[in-house]
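In: Turn this into a structure:
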Amino acid sequence: MIKADGALADRPIALAGWLLLAMLVSAAVLWAATSSTLLVISYALALGAFMGGAWVLSRVRVDPGQDDLALPDWSVTVAAIEQQGQAIAITDRANRLTCANRAFTQWFGTANAPPNLPFERSAQEALARMARDAWRDGSVSIESMAETDDGEPVWAISAERAGRGEDHLVWRIERIDQGGADALDNFDVSGLFGRILSRAGIESAITSPDGQIRAVSAGFAERASGDAKATLAGQDFVSYLRSDERDRIFFAREGRGGTPQTLVHIPLEDSNGKTRKGPDEARSLMLLVETGVGIGGGWDGSSQAGVAQLEALLGQLPLGLAMTDRDGRFLFGNDAFLRAIEREGRGLPAFPTDLVVREDKAALSDAVRRHGRGPATSGNMAVRLTTNPEEPVSLGLAGVRGLGEPAVLVSLADSHEETQLKRQVAQATKMQAVGQLAGGVAHDFNNVLTAVIGTCDLMLLRHTPGDSDYDDIQQIRANSNRAAALTRQLLAFSRQQTLRPEILQLPDVVSEVGPLITRLLGGRIEYKVQHDRDLGPVRADPQQLEQVIMNLAVNARDAIQSHGDGTGRISLSTRRVSVRDVERMGSEILPAADYTVLVVQDTGGGIPPEALPKLFEPFFTTKEQGKGTGLGLSTAYGIVKQSGGFIFADNIEGQGGRPVGARFTIYLPVHKGEVPAKPVEVEPEQSSEWSGGGRILLVEDEDMVRAVAERALSRAGYTVTCCSDGEEGLAAVTGGGDFDLVVSDVVMPLMDGPAMARGIRDVRPDLPVLFMSGYAEEQLRKDIDIPNMHFIPKPFSVQQIGDKVAAVMRKAKRN
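Out: Numbers count the residues shown, from 1 in each chain. Take a look at the predicted model:
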């Protein structure tokens, strides 16, 4: 509200006279300077209006006590939204954090405001949708949202529009207990985990690196402060404890009249030394176990019971934990620790130094002795275990006091599955990179082979058998075809070869290739075939599957011949694997589905362990120099993967764990659709049956390929117009060129073949296009998707391109 100021009203009225006098003097000065009466009058009126307004404003003031709306006091809001176990945050329309309670800052920090919480991508997208829906509809909630793609932890989240102008969102977030296992994994001491420990006489707390309390169990809060609902967050952990002259620990509130406690400090870190909540939040789990220490520092009966409780508790925790005495001798270790050191069923060695390589023994021994003496300290160090010396792990060490004799807690996470998964991902990434490289090399090499083979064909047209050069040309052509076969194998490995899949039964393919395998093996190697019943059909290229089986059989034959006396057995078997079978296998790679499986195994002594990770890489071979190209298994790998299947290799172990043979297992998914009727094969028509000629636009950026194709088509009677790139070819058509067919490469600089074809179709929708490429036809058709498109693979001969162009021209004429 605006009010007049009474103090101004009491001022002398002479102030007005002084203002009037100042106005007259300034007007007189202005008239003397300008001699303009009109200007002086205007100036006097304007100055009078200004002084009058200033006079009025100086007599009023704003009464702050009468403001209609006052700024909010956020400290009151914070006090109102404090709730144990529920995080509450208030954000404005710019998604900026306006206010939050203590639980929110403990869980997510002050740098993260909803919906931009430190969740994984899928969860963040769901939060962003929640925010949009809340602004639009007023409120929205999700009863269960997983923070990570692994499904843990799970939150219940709601958002509601609020405020005088409805310009704020109130977010409420609660963690959902998933049961005992999840509570233990998340160390939720303020929830189920803490209640379980309290019932066992163990109080628990989570602390930050500086010793500040992050969360406590209800039992700890009651014994430390007298209020079971107190959070104690932000308080100094040690301020609630006291110790006597014998280093016995008590709750400060209970004093010496309370029960002595054993303090166990567990750093919450993984095998890489990283904290479970982030590098800036290195938390610790503090356990206070009720014990009774006898006179002289020995353990009495209650102390022994406390130690038994402690050992039982550590045995249930998901971290690998073990205890040593002050001299470094192992006292006990839980199952997770034994799994991490790969000693399940064998027990612990005498000392922790027995677990590490020789170079790390002295450093680990010193660290254990250091933590076993003096005040309780904790830390971690990188060591290399004897079971896996190539990969360092982080070993946590923490001094334990209150058990009579000092002890050291050793922690090591079981990272076996994580390490195995990392290796699999690295191997898959490497195979993909090598495949892309192999595909690119094969594509470029096909251009060279097309020119060589085409030039040989043109030279043979000018020579007859018996000429001095005829045999040499034939030799060049034969070697070029061998090189073309190698490029097809590279394309098979990179999954870029042309497949013609059919719906077939795997036993039919095995029986088709059986006689050829028998001839290859000879009489000293036994060949055995066994088929399962009720095998599902699979979708694959039968010729390529035959190639896979032949490659595996030849590899097995070579292994047997190089092992022992050259006698042995090769067996091929097929079997049915259901969804339940796959789920029981627990494979991280194989999706749950029905499969028809082909198993090829031999008695050739097995595969060296160091060769297993590289087995499917191109040009990798264990054979003698000159006896293998190293493309047999890589070709099989590429064909199986391109058919949607999986291939695995392992060794068959005999007595004493020594490998006696190798086994290759191929999983092909069962085809669930209808089995189509087998198409009737039609004999391809020869180019000699087409004599109509035609006008052809040839677009190819490689000069040597373009020259060979032009000469081959010109000899066949076609009128050929050549272009070196897509832009030039498009200009030839849009400029009025009349053509019957476009023959084009796919990959070209500036404008590629598909882009040129789409531009041509805007002008000539009915003009057929024949693509030349070293890549797979099936993949090209998926990527290009242009109607009335035809394909010829590189490398091709003069006869092949002539036949293909004639067939396309004949089809176009017929339509």
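In: use CA for all of it now, contacts and neighbours both
Out: Fine.
In: For V264, grab phi and psi.
Out: Main-chain torsions, V264, degrees, to the nearest 10: phi -120, psi 120.
In: any idea how far L321 is from it?
Out: According to C-alpha to C-alpha, to the nearest Å, V264 stands 12 Å off from L321.
In: The two: who's more crowded?
Out: Using other C-alpha atoms under 10 Å as the criterion, V264 and L321 rank with L321 on top: 26 against 22.
In: and the closest residue to the more buried one other than its chain neighbours, bridged to which residues?
Out: Ranked by C-alpha to C-alpha, 6 or more residues apart in numbering and with sequence neighbours excluded, the top spatial neighbour of L321 is S411, at 4.4 Å. S411 has the following beta-bridge partners by DSSP bridges: L321, G396.
In: contacting residues for S411?
Out: Shown in contact with S411 (C-alpha atoms under 8 Å, 6 or more residues apart in numbering): L319, G320, L321, A322, F337, L395, G396, L397.
In: Which pLDDT value goes with it?
Out: Here, the pLDDT recorded for S411 equals 84.
In: I'd like the numbering to begin with 19 instead of 1 from here.
Out: Yep, numbering from 19; the last one is S429 now.
In: Relative to F355, how far out is it?
Out: 7 Å.
In: residues shared between the contacts of the two?
Out: L337, G338, L339, A340.
In: I'd like to know how far A577 sits from I588.
Out: Taking C-alpha to C-alpha, one finds A577 at 11 Å from I588.
In: again, but for T95
Out: Relative to I588, T95 is positioned 78 Å away (C-alpha to C-alpha).
In: of the two, who's got more company?
Out: It is I588, of T95 and I588, that has more neighbours when counted by other C-alpha under 10 Å, with 22 against 14.
In: three-state assignment of the more buried one?
Out: When classified by DSSP: H, G, I helix; E, B strand; the rest coil, I588 comes out as strand.
In: Which residue is the nearest non-sequential neighbour of S596?
Out: Closest to S596 by C-alpha to C-alpha, 6+ apart is D612, at 4.5 Å.
In: What residues does the one you found make contact with?
Out: Neighbours of D612 in contact, by C-alpha under 8 Å, 6+ apart: R594, V595, S596, V597, P687, V688.
In: any idea how far it is from A558?
Out: Taking C-alpha to C-alpha, one finds D612 at 16 Å from A558.
In: same question, S652
Out: Counting by C-alpha to C-alpha, the gap from S652 to A558 is 18 Å.
In: In the stretch 569-718 of the chain, mark out all the helices, start to finish.
Out: Counting by DSSP state H, counting those that start in this stretch, the segments of the stretch 569-718 of the chain that form helices are 597-603, 650-660.
In: Shouldn't I471 be within a helix?
Out: Yes - with three-state DSSP as the criterion, I471 is assigned to a helix.
In: ok, it - contacts?
Out: Contacts of I471 (C-alpha under 8 Å, 6+ apart): R495, S498, N499, P813, F814, S815.
In: Now the fourth one. Nearest residue, chain neighbours left out?
Out: Leaving aside its sequence neighbours, P813 sits nearest to T468 (C-alpha to C-alpha, 6+ apart; 4.3 Å).
In: do the last one as well
Out: Of all residues not flanking S815 in the chain, G472 sits nearest, at 5.2 Å (C-alpha to C-alpha, 6+ apart).
In: Run through the residues that contact the spatially closest residue to P687 that is not a sequence neighbour.
Out: Leaving aside its sequence neighbours, P687 sits nearest to Y613 (C-alpha to C-alpha, 6+ apart; 4.4 Å). Neighbouring residues of Y613 by C-alpha under 8 Å, 6+ apart: G554, R594, V595, S596, Y685, L686, P687, V688.
In: number of nearby residues for T405?
Out: 14.
In: Distance of it relative to I194?
Out: For T405, the distance to I194 - C-alpha to C-alpha - is 39 Å.
In: same deal with A368?
Out: 42 Å.
In: which of the two has more neighbours?
Out: I194 (18 against 13).
In: Do I have it right that the more buried one meets A164?
Out: No - between I194 and A164 there is no contact under C-alpha atoms under 8 Å: 9.9 Å.
In: And the pLDDT at the residue nearest to S815?
Out: pLDDT, G472: 82.
In: Show the contacting residues for it.
Out: V726, A727, A730, F814, S815, V816.
In: Return the distance of it relative to V764.
Out: Taken as C-alpha to C-alpha, the span from G472 to V764 is 19 Å.
In: likewise F664?
Out: 30 Å.
In: Between those two, tell me which one has more neighbours.
Out: Counted by other C-alpha under 10 Å, F664 and V764 do not tie: V764 has more neighbours, with 25 against 20.
In: In contact with the nearest residue to that one once chain neighbours are set aside, which residues?
Out: Spatially, and ignoring its direct neighbours in sequence, V764 is nearest to G771 (4.4 Å; C-alpha to C-alpha, 6+ apart). Contacts for G771 (C-alpha under 8 Å, 6+ apart) come out as G744, S762, D763, V764, V765, F789.
In: which one of those residues is nearest P132?
Out: The nearest member of these to P132, counting by C-alpha to C-alpha, is V765 at 47.1 Å.
In: what packs against the host helix or strand of K829?
Out: Assigned by DSSP states H and E, K829 belongs to helix 816-832. Identification of packing neighbours for helix 816-832 by 3 or more C-alpha pairs under 8 Å, 6 or more residues apart in numbering; DSSP states H and E yields helix 434-478, helix 721-733, strand 807-811.
In: The strand or helix carrying I224 pairs with which strands?
Out: Using DSSP H and E, I224 sits within strand 220-225. Using DSSP bridges, the strands paired with strand 220-225 are strand 231-234 (antiparallel), strand 302-308 (antiparallel).
In: To L259, which of those lies closest?
Out: Comparing the strands paired with strand 220-225 by C-alpha to C-alpha, strand 302-308 comes nearest, at 10.2 Å.
In: Could the C-alpha coordinates of the strand holding I224 be exported in PDB?
Out: Provided in PDB are the C-alpha atoms of strand 220-225 (Å, rounded to 0.1, in the frame of the first residue of the first chain):
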ATOM      1  CA  ILE A 220      24.700 -55.300  15.200                       C
ATOM      2  CA  GLU A 221      24.200 -51.600  14.700                       C
ATOM      3  CA  SER A 222      25.300 -50.100  11.300                       C
ATOM      4  CA  ALA A 223      26.000 -46.700   9.700                       C
ATOM      5  CA  ILE A 224      27.200 -45.400   6.400                       C
ATOM      6  CA  THR A 225      29.800 -42.700   6.600                       C
END
